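Peer 1: Okay, here's the prediction I keep looking at, along with the sequence it came from:
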Amino acid sequence: QVRDVEQRLLGIVRELLLPVVTEATAFVEFPGAEPELQEVPLSRLWVVGRAGLRLGQRVTWGGADAELPRGSIGILMAFRGEDDASVRFGSRGRFRFNARELLAAG
């Protein structure tokens, strides 16, 4: 899911256009808007959801290590690149994960 920072609409990216010469854009479906499918410059879009997760959501990592014991709960802070997500685990700091390795925490 993405949010158009100018129109403040929440939508779903349906297609990316990555031309060499001009600015990259995306065709985004904005349910209830007119028209529903709009071409929007990527510079106006902010990713707010991916892999069934949303920014600000409480999440846990499916794994465990010395820094993050199993069951540690953090807050999803940002999506990075194609698949990565940044999660803040309180005083332990921020960690980067593949978004598919994260689970919603109750």
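Peer 2: Now that the structure is in, tell me what you want to look at. Numbers count the residues shown, from 1 in each chain.
Peer 1: what's Glu101 in contact with, if anything?
Peer 2: Taking Cβ atoms under 8 Å, 6 or more residues apart in numbering, we find Glu101 in contact with Trp61, Gly62, Gly63. Backbone N, C-alpha and C define where each C-beta goes, glycine included.
Peer 1: can those residues go into TSV with extra columns for secondary structure, pLDDT and neighbour count?
Peer 2: Output for the contacts of Glu101, formatted as TSV (DSSP: H, G, I helix; E, B strand; the rest coil; pLDDT from 0 to 100; neighbours: other Cβ atoms under 10 Å):
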residue	secondary structure	pLDDT	neighbour count
Trp61	strand	93	22
Gly62	coil	89	12
Gly63	coil	90	9
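Peer 1: Please convert those residues to CSV, extending it with distance to Ala78.
Peer 2: Compiled in CSV, the contacts of Glu101 are given as follows (distance: Cβ to Cβ, whole Å):
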residue, distance to Ala78
Trp61, 16
Gly62, 19
Gly63, 20
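Peer 1: which one of these is nearest Leu37?
Peer 2: Gly62 (34.6 Å; Cβ to Cβ).
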